[in-house]
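In: need coordinates for the following:
(2 chains)
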Amino acid sequence: MPTEEGEELLALTREICDKALRPRADEAEERAAGSPELPRDIFRTLGRAGLLSLPYPEEYGGGGQPYEVYLQVVEEIASAWMSIAVGVSVHSLTCYPLARFGTESQRRALLPAMLSGEQLGAYCLSERQAGSDVGSMTTRATPDGPATPRSYRVKGTKAWISHAGHADFYTAFVRTSDDGSRGLSCLVVPGDAPGLAFGTPEKKMGLHCDPVAEVHFEGVEVAADRLVGTPGQGMAIALSALDSGRLGIAAAATGLAQAALDLAVRYALDREQFGRPIADFEGLAFLLADMEAAVTSSRATYLHAARLHDAGRPFSREAAVAKLVCTDAAMQVTTDAVQVLGGAGYTRDFPAERYFREAKVTQIFEGTNQIQRLVISRQLLRG
Amino acid sequence: MNIVVCVKHVPDAQSDRTFNESDSTTDREGVDGLLSELDEYAVEAALKLVEEGEGEVTVLTIGPAQAADAVKKALQMGADKGVHVSDEAIHGSDAVATSLVLAEAIRKIGSPDLVLTGMASTDGTMGVVPAMLAERLGVPQVTYASELTVSDGTATIRRDGDTASETIVATLPALVSVTDQINEPRYPSFKGIMAAKKKPVETWSLADLGVDASQVGLDAAWTKVESFTKRPPRQQGQIVTDEGDGGTRLAEFLSAQKFI
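Out: Down below sits the predicted model:
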């Protein structure tokens, strides 16, 4: 931690995790498996404690914290309850376009409520046919007049949207011209706008307390002063936001892996076979050592990218590396945790299988790990 | 309305709590300490009352250096200022001496409209300090409040008993102890943590309070722990194989243990 302030923030996070998150996670995820539900009260608790707005400027109600601190808070939350950490990271992502590209008057008008913690955001980028290929999106925003429009009318459907139907605002990327990826724009749409409708929540493998559904824009009228940046700047904004968002996922994946490792270590010391704890067998001890190495190197990798970010230096490639390394490590470590627990690891009596299911999506969302390799190799080879 | 909340820094109940080998007092060195969770309810109750109206919340604790953490936590939650009474001579004090020191500290703080406490500490769990303190201050004691409202110079509480709930009204100034049913204590906020660093905390000795050292400490205590032994590890239970008489043997066992 770079500051004493950061240490205290982490201590506060641990306290909230121990009292409000960890005791509820297993049961809530199990219950939500049948019907996804968002534990909205937990986001209110985190919001009131100031943990939903850490990386944003204090003058707009944020915590004014560097990414190095914010991400360790996300990691800590993930080690207690992955769905919540993903929610925190997503919310942070939804605030990014406005905080980074908004005008001063937009920031003054909208950011304090978004950062107060009372509001929760959703990030509307993907469509059914526009996942990795963001530039092919078809959701369209039509201005009401040619010169200086007063409003846009939005039609189309966004897919895989966390917090759909629960969010108070939707940071949406829409097509404003047919100019491919240069024809996209960013709008912040109020959650109660007429014409917003939501699909049935997806039946997912895990992260059941992070409800994901389609968002239908059925001719939603959005005031022009909610356009972030300039028309056509949407793709650049989306990619910039994702650079930062990826770090949130990298940190969350590291926390998840840490939780799986902690569980595996406890179990290996407790479980006896052949008259001694299974941790005494080198075959298992070395597996645990590899898991520890993976978690520690994950943490170092995302912190490296975070420090570049905080120093104002380019960090896009390092963020992609962190997302790739941390999520692949989380998949490996959670798989190994199931192995350490043996038959017990395959049952729902222990959270190992849940960690395993939750790890899988981290290799997929916020840019699949194949896309991360694309980002890394492009920057590596073409500077 | 000015409120003094009495809080205690206690060993974390999650950790391995024990006594000192030398004088059989609670070991406060070898374990992590924290603000007694039962006292968090009193802090929350005080903050709510002040937020509704006006005034300030002073948080008061007695204890060794690390007890300052209990004050800090209450300040992070939102209390306005802190007082920490710390003096070597207090070590080993019983409830009687504790109430004496608290009473003198409260007199020195001023004349609060309300003194709030938790229902008991989570380490000693005697629950008698609130009553003793009220007696020393000469104010009404209304204890075990699961609801508290203050208006027009009176405090009204609800006390839930086994057979009935009582509504009790006391004129201010008064002392109220609260249960864990009264509210849901807030977490500190990040801004609260930062703000707490700038809040005033005074540290007082016995001399500052005009309390003679002979009145407190282990030697002045009315009770003293003579010896202690660790609870023996749990024994394996008795297994009864049902051979048609399982019910009878179960009843015999429960009867022998005086459960039935």
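In: which bits of chain B sit near chain A?
Out: B:Arg186, B:Tyr187, B:Pro188, B:Ser189, B:Phe190, B:Lys191, B:Ile193, B:Met194 (C-beta under 8 Å from any C-beta of the partner chain). In this view, the C-beta of every residue, glycine as well, is placed from N, C-alpha and C.
In: now, those that are in helices?
Out: Counted as lying in helices by DSSP state H, out of the residues of chain B next to chain A, are B:Phe190, B:Lys191, B:Ile193, B:Met194.
In: burial of whichever residue of the stretch 201-350 of chain A sits closest to chain B, as a residue count?
Out: As assessed by C-beta to the nearest C-beta, chain B sits closest to A:Arg266 within the stretch 201-350 of chain A, at 15.3 Å. Look at A:Arg266: counted by other C-beta atoms under 10 Å in any protein chain shown, it has 13 neighbours.
In: so it is in which element?
Out: helix A:234-270 (DSSP states H and E).
In: that helix - what's its average pLDDT?
Out: For helix A:234-270, the mean per-residue pLDDT is 97.
In: what distance do you get for the residue in the stretch 1-150 of chain B that chain A sits nearest to to B:Lys198?
Out: Chain A sits closest to B:Gln76 of the stretch 1-150 of chain B, with a gap of 8.1 Å, by C-beta to the nearest C-beta. Look at B:Gln76 and B:Lys198: by C-beta to C-beta, to the nearest Å, they are 12 Å apart.
In: got the buried residues for stretch B:170-188?
Out: Neighbour-count burial for stretch B:170-188 flags B:170, B:172-179, B:182-183, B:185-188 (criterion: 16 or more other C-beta atoms under 10 Å in any protein chain shown).
In: in strands only, show me those residues.
Out: Those of these mapping onto strands are B:Ala170, B:Ala174, B:Leu175, B:Val176, B:Ser177, B:Val178, per DSSP state E.
In: between the residues you listed, which sits nearest A:Lys19?
Out: Using C-beta to C-beta, B:Val178 comes nearest to A:Lys19 of these, at 18.9 Å.
In: correct me, but that closest one touches B:Leu148?
Out: Yes. With contacts defined as C-beta atoms under 8 Å, B:Val178 counts as touching B:Leu148 at a distance of 6.5 Å.
In: quick one: contacts for the residue in chain B positioned nearest to chain A?
Out: Nearest residue of chain B to chain A, counting by C-beta to the nearest C-beta: B:Phe190, 3.3 Å away. B:Phe190 makes contact with A:Leu9, A:Leu12, A:Ala49, A:Gly50, A:Leu51, A:Leu54, A:Gly63, according to C-beta atoms under 8 Å, 6 or more residues apart in numbering or on different chains.
In: a markdown table please, covering the ones in strands among the buried residues of stretch B:170-188 and showing pLDDT.
Out: Formatted as a markdown table, those follow (pLDDT from 0 to 100):
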| residue | pLDDT |
| --- | --- |
| B:Ala170 | 96 |
| B:Ala174 | 96 |
| B:Leu175 | 97 |
| B:Val176 | 97 |
| B:Ser177 | 96 |
| B:Val178 | 97 |
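In: now the two most distant members of those residues.
Out: Pairwise distances across these peak at 13.6 Å for B:Ala170 and B:Val178 (criterion: C-beta to C-beta).
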